[in-house]
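Participant: sharing a sequence plus its predicted fold:
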Amino acid sequence: MADLAAAQGITLGTFRNTKPHTRSGHPAPISSPGAKTLLWDSEQTEAFYAGHPVPDIAGADSDEDLLDRNEAAAELNVTPRTWNSYRYDPRLAQHTVLVPKRKADDDRSQVEHWPRGVIRAFKSERPGKGQGPNTGRPKGSKDMIPRDQLAGRITELLDADPAVTAAAVVDELGIAMTTAMAGLSHRRGQRMADLVEANLALSLEAAAEQLGYPPAVRRRATAAAQIEQRQREICPYLQQVADALMEAGAADAGEVAIRQQGDHLTASITLRPGQPAQALVWHEGYGWRTATSRRHPIGKHTAPEGEGIRYLSTDLQPKPADVLQALADRRRGRKHP
């Protein structure tokens, strides 16, 4: 989208507001419906803006096709959120292809894609009922697995058996009981939130029953689902602020990661060098503040104070433009939340 805006001599913000890519005849995005980052084929758009016939790029499915997150999930018959945990599996991660959002972007601002053939091979080898000859780790194996693969392995076990117990996960993966319980609750909560999001008349309790979760695990899963719903509610606003910072040159493009800290949600956006702070942190209880660390901006304290910390607004969700102004003006903000 940034390239299309530059080709017309307008800013990315103006492009998003005026939406010239929606006018009749404009080439459609080649990214999947619902993708967070829209991508276009450069040959098609260059031909369109030059007034030439737009070439057809359609063709039969090929193992060499590059699929984005949504398309990869569809190939595996799972939700995009489930794919988020699968993508770290070495069988997929080593084949990841990065596609720039803009021609000038570096590796931090690229969209992950995966070859269709690699995903099909992964699908045939996945552990679980009817998924292939392998059934995962030998029962009783106590070898710890890398943290970035843990979510995917727990998801596979839950795919195979919605009522899988934490003890079975411990036995299969060789992880601590608390880790297994937390991982199962988190993943069950995400799926419950998915179901309710698709059917707003459905309660979380009904979603848990529909998914086949045993009564004994529903309380923890429901709590995790409620957190997931709050995250999804605030995510669009946080992404608007991140996009505004990117357009102003204060931060790199990217998705905002939200996490739970105590009873509240929190998120951080790392700023580029030369900005008035190392990062911005949003907290559900007090809104935006500056941070003095790029590597660990959130930290362990829920409301830190000291040199370099400024609480930017009394509003929990100020407009993105107000956040930018408060960040730029070192006189604005307070020392205390």
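Facilitator: On my side now, so go ahead. Residues are numbered from 1 along each chain as shown.
Participant: helices along the stretch 151-300 of the chain, start to end?
Facilitator: All helices of the stretch 151-300 of the chain, identified by DSSP state H, counting those that start in this stretch, fall at 166-173, 177-198, 204-210, 215-247.
Participant: among these, which comes closest to Lys123?
Facilitator: With CB to CB, the closest approach to Lys123 among these belongs to helix 177-198: 19.0 Å. No exception for glycine: its C-beta is placed from N, CA and C like everyone else's.
Participant: list the contacts for the residue nearest to Ala321 when sequence neighbours are not counted?
Facilitator: Leaving aside its sequence neighbours, Ala321 sits nearest to Ala244 (CB to CB, 6 or more residues apart in numbering; 6.8 Å). Residues in contact with Ala244 (CB atoms under 8 Å, 6 or more residues apart in numbering) are Pro320, Ala321, Val323, Leu324.
Participant: go again with 10 Å.
Facilitator: Gly13, Ala250, Ala251, Lys319, Pro320, Ala321, Asp322, Val323, Leu324 (CB atoms under 10 Å, 6 or more residues apart in numbering).
Participant: what do you get for His264?
Facilitator: Here His264 is in contact with Arg230, His283, Glu284, Gly285, Tyr286, Thr302 (CB under 10 Å, 6+ apart).
Participant: secondary structure element holding Val111?
Facilitator: Here Val111 sits within strand 110-115, counting by DSSP states H and E.
Participant: what strands flank that strand, and is each parallel or antiparallel?
Facilitator: Sheet pairing for strand 110-115, assigned by DSSP bridges, gives strand 66-67 (antiparallel), strand 97-100 (antiparallel).
Participant: which parts of the stretch 201-337 of the chain are strands?
Facilitator: Assigned by DSSP state E, counting those that start in this stretch, the stretch 201-337 of the chain shows strands spanning 258-261, 264-270, 279-283, 287-291.
Participant: which helices and strands does the third one pack with?
Facilitator: In terms of contact count using 3 or more CB pairs under 10 Å, 6 or more residues apart in numbering; DSSP states H and E, strand 279-283 is assigned the packing partners helix 215-247, strand 258-261, strand 264-270, strand 287-291, helix 320-328.
Participant: centre of the chain to stretch 266-275, how far?
Facilitator: 17 Å (CA atoms, centre = their mean, to the nearest Å).
Participant: show me which residues of it are buried.
Facilitator: Thr266, Ala267, Ser268, Ile269, Thr270, Leu271, Gln275 (16 or more other CB atoms under 10 Å).
Participant: quick one: which of these is nearest Ser185?
Facilitator: Using CB to CB, Thr266 is the member of the buried residues of stretch 266-275 that lies nearest Ser185, at 19.6 Å.
Participant: show me the contacts for the closest one.
Facilitator: Here Thr266 is in contact with 257-260, 281-286, 297-299, 302 (criterion: CB under 10 Å, 6+ apart).
Participant: what of Arg259?
Facilitator: Ile227, Gln231, Leu265, Thr266, Ala267, Ser268, Ile298.
Participant: and the first one, how many neighbours does it have?
Facilitator: The one in question is Ile227. 20 (other CB atoms under 10 Å).
Participant: you'd agree it is up against Leu204?
Facilitator: No: with contact defined as CB atoms under 10 Å, Ile227 does not count as touching Leu204 (11.5 Å).
Participant: which neighbours do the two share?
Facilitator: Taking CB under 10 Å, 6+ apart as the contact rule, the neighbours common to Ile227 and Leu204 are Gly189, Ala193.
Participant: burial count for the residue lying closest to Ala5 once chain neighbours are set aside?
Facilitator: Leaving aside its sequence neighbours, Ala5 sits nearest to Phe15 (CB to CB, 6+ apart; 3.7 Å). A count of nearby residues for Phe15, using other CB under 10 Å, gives 18.
Participant: helix, strand or coil for Phe15?
Facilitator: helix (DSSP: H, G, I helix; E, B strand; the rest coil).
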